[in-house]
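In: got a sequence here, can you model it:
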Amino acid sequence: MLIVDASLLSRLPDVQRIHRDVIVVAADDASEEALGDRADLSLSHLPEGTPRQRQLRAACRLSVTRALAAQRRHDLTCTKHDIHKLNQVAIDLMHEHDRDVLLRRIVERGKKLTESDGSCLFLIERVDGQEDRLRPAVYDIDSIPDLDERMGTRSPPPLPLDHKSIIGHAAVTGEHVVVDDAYHLPPNAGFQSNIDFEKEFHYHTRSLLAVPMLDQRDALIGVLAFVNRRRPHPAPISDSEAADRYVLPYNRRTIRLGLSMASIAAVSIENAQLYSQVEQILDRLVTAAVTAIDQRDPSTAGHSERVATLTTALAKAAERTSTGRYRDLRFTSGQMRELHYAALLHDLGKVTVRERVLMKGQKLPPELWERVACRFSMIRAVTPPSDRAEVERCWDTIRDANEPMSPPEAPATLDAVARHTFRGSEGQTLPYLTPEELHYLRIPRGTLDEQERLEIESHVENTYQYLLQIPWTDDLKNVPTIAYGHHEKLDGSGYPRGLLGPEISVQTRILTIADIFDALTASDRPYKYAVTPERALDILRAEARTGMLDADLVDVLVRSQVYRRILRPT
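Out: Next up is the predicted model:
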């Protein structure tokens, strides 16, 4: 409160510049006139004695009220600012699923929020047959910037859950602990200070705040500790003198922020643990699905794993390239995991394909082959020895034509065989080959006729429908779509949707190339011969030149030679 009279006016600066929180009282007529509306109260027209005393007491009360209002405005502004910072920290931590990164961020953000020189995070460690302990997970102390380097591979010893340490006491009681001076604890503190760390690293702990972290079931997750709330000064707190100069006790505001930070940290850690469990469940689900595919078709066992290995390797090679269309291509860790899953599961729909079609190694279905073999045994029995050479030639033609890679002249010679007849046991005239048998034997390439090929191709649609049923997390939501397109070609000649280049993602293009390469070089398929890696690359380059495959990605595959990772020793 400022009482102004005529003698003071000449020494005052511009009265309008006097802070509004200051109560200005005009003591006489001259000051009242000079102060104008800046005077909150005036004594000029009041008689001496009680009236003036009452006015001055009113001025004092007004001064206190304004001071309290100013303090509350300041507190409200600080609270709003703190809430904003806590919200930002919460959002940041809730979106982090990498456990190591999360723990480091908790310590960094908490240290900054509480204006601390250091912060430490202890996590509960539960081992069967042993008592629970608190394992130090992360240390971060500004005064010891090279702490990690000095610690090396040495792991700090765990703390028991007892009252011997400040951290253990906070964990056991479930209550936060505030220490103003760790070297001078109250006699009834109920815990002790451990100065081994300070001795080794030349550090001095003065003020300390330890807050237990509890999950939603009030179970202990760990303890978040803050050390040495400090003034804004870069000097290290290496001894008691530095602590005297720079360290402050934790006040109500920083304690409140520390408690809030521990709550956010507990929820974030629990969230990360749940996310990790979901990932583990998905990993096991994918592993089980791949195992089911391999057991369904033993002839292609290992194909999904090899394709996944090559797909991710090619994606990383594309990221490393400095030329061409994909020189700026980058995948996040989530996208890389998404691509890996899509590659592992791209053939999941084959579990619905009939086994006789899926594992068909020859053109004739097994029952038809047995029927033809029995028929020729009968033909040999009723054919005179002089004519049996022709029968054997017909048999050799059928046997050769039944293989996946039949001779070019097979269709014509098969027609000739089909025109041969013999007399059955009841005297009827029967053909060497029925129309159904001839239909299969005339398959020009591979072992599948058109209907069987459509059944095989249906595995793509089935894969997509099955993958849609899995509740993928947001960062894996594209797994079904990536796998769905692995038989599409950029020129629209693929299946099942006949997509064109712009409609096919780069992830699917990578998967397609990896799938084709492994299918070409695989030596364990009964219906085709394996080709050399060099021949497989020639085929991929040829399809890229015709616009079926992505030429830039094929070029990356050739230059990087990552395909060697899935080649088996010869």
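In: contacts and neighbour counts: CA atoms only from here.
Out: Noted.
In: any low-confidence regions in this structure?
Out: Along the chain, segments meeting pLDDT under 70 span 13, 15-16, 298-300, 523-528, 569-570.
In: ranges for the strands of it?
Out: 2-4, 24-26, 41-42, 116-125, 133-141, 159-160, 177-179, 208-214, 220-230, 247-248, 421-423, 429-431 (DSSP state E).
In: make a markdown table out of these and add distance to residue 277 and mean neighbour count.
Out: A markdown table is the format used below for these (distance: least, C-alpha to C-alpha, whole Å; neighbours: other C-alpha atoms under 10 Å):
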| stretch | distance to residue 277 | mean neighbour count |
| --- | --- | --- |
| strand 2-4 | 67 | 18 |
| strand 24-26 | 67 | 23 |
| strand 41-42 | 70 | 20 |
| strand 116-125 | 18 | 24 |
| strand 133-141 | 20 | 20 |
| strand 159-160 | 27 | 19 |
| strand 177-179 | 33 | 20 |
| strand 208-214 | 19 | 26 |
| strand 220-230 | 16 | 26 |
| strand 247-248 | 42 | 22 |
| strand 421-423 | 68 | 15 |
| strand 429-431 | 65 | 13 |
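In: among these, which comes closest to residue 360?
Out: strand 429-431 (25.3 Å; C-alpha to C-alpha).
In: show the contacting residues for the nearest residue to residue 174 once chain neighbours are set aside.
Out: Spatial nearest neighbour of residue 174, chain neighbours left out: residue 212 (5.8 Å); criterion: C-alpha to C-alpha, 6 or more residues apart in numbering. By C-alpha atoms under 8 Å, 6 or more residues apart in numbering, the contact list for residue 212 reads 170, 171, 174, 175, 176, 220, 221, 222, 223, 224, 262.
In: what do you get for residue 443?
Out: 363, 449.
In: next, count neighbours for residue 106.
Out: 26 (other C-alpha atoms under 10 Å).
In: quick one: residues contacting it.
Out: Applying C-alpha under 8 Å, 6+ apart, one finds that residue 106 lies in contact with 93, 261, 265.
In: swap in residue 60?
Out: Per C-alpha under 8 Å, 6+ apart, neighbours of residue 60: residue 1.
In: show me the helices in the stretch 151-300 of the chain, by range?
Out: 166-173, 196-201, 240-246, 252-296 (DSSP state H, counting those that start in this stretch).
In: compute the number of surrounding residues for residue 184.
Out: Number of residues near residue 184 (other C-alpha under 10 Å) recorded here: 11.
In: likewise for residue 168?
Out: 24.
In: about what we covered before: so which of the contacts of residue 106 comes closest to residue 151?
Out: Closest to residue 151, out of all of these and judged by C-alpha to C-alpha, is residue 265, at 24.6 Å.
In: excluding sequence neighbours, find me the nearest residue to that closest one.
Out: Per C-alpha to C-alpha, 6+ apart, closest to residue 265 is residue 106, 6.3 Å.
In: quick one on the thing from earlier: closest to residue 553 among the contacts of residue 106?
Out: Distances from residue 553 to these, taken by C-alpha to C-alpha, are shortest for residue 93, at 36.7 Å.
In: ok, and the closest non-adjacent residue to the closest one?
Out: Setting aside the residues directly before and after it, residue 93 is nearest to residue 268 in space (C-alpha to C-alpha, 6+ apart), at 6.1 Å.
In: correct me, but the one you found touches residue 94?
Out: Yes - contact criterion C-alpha atoms under 8 Å: residue 268 and residue 94 qualify, at 5.4 Å.
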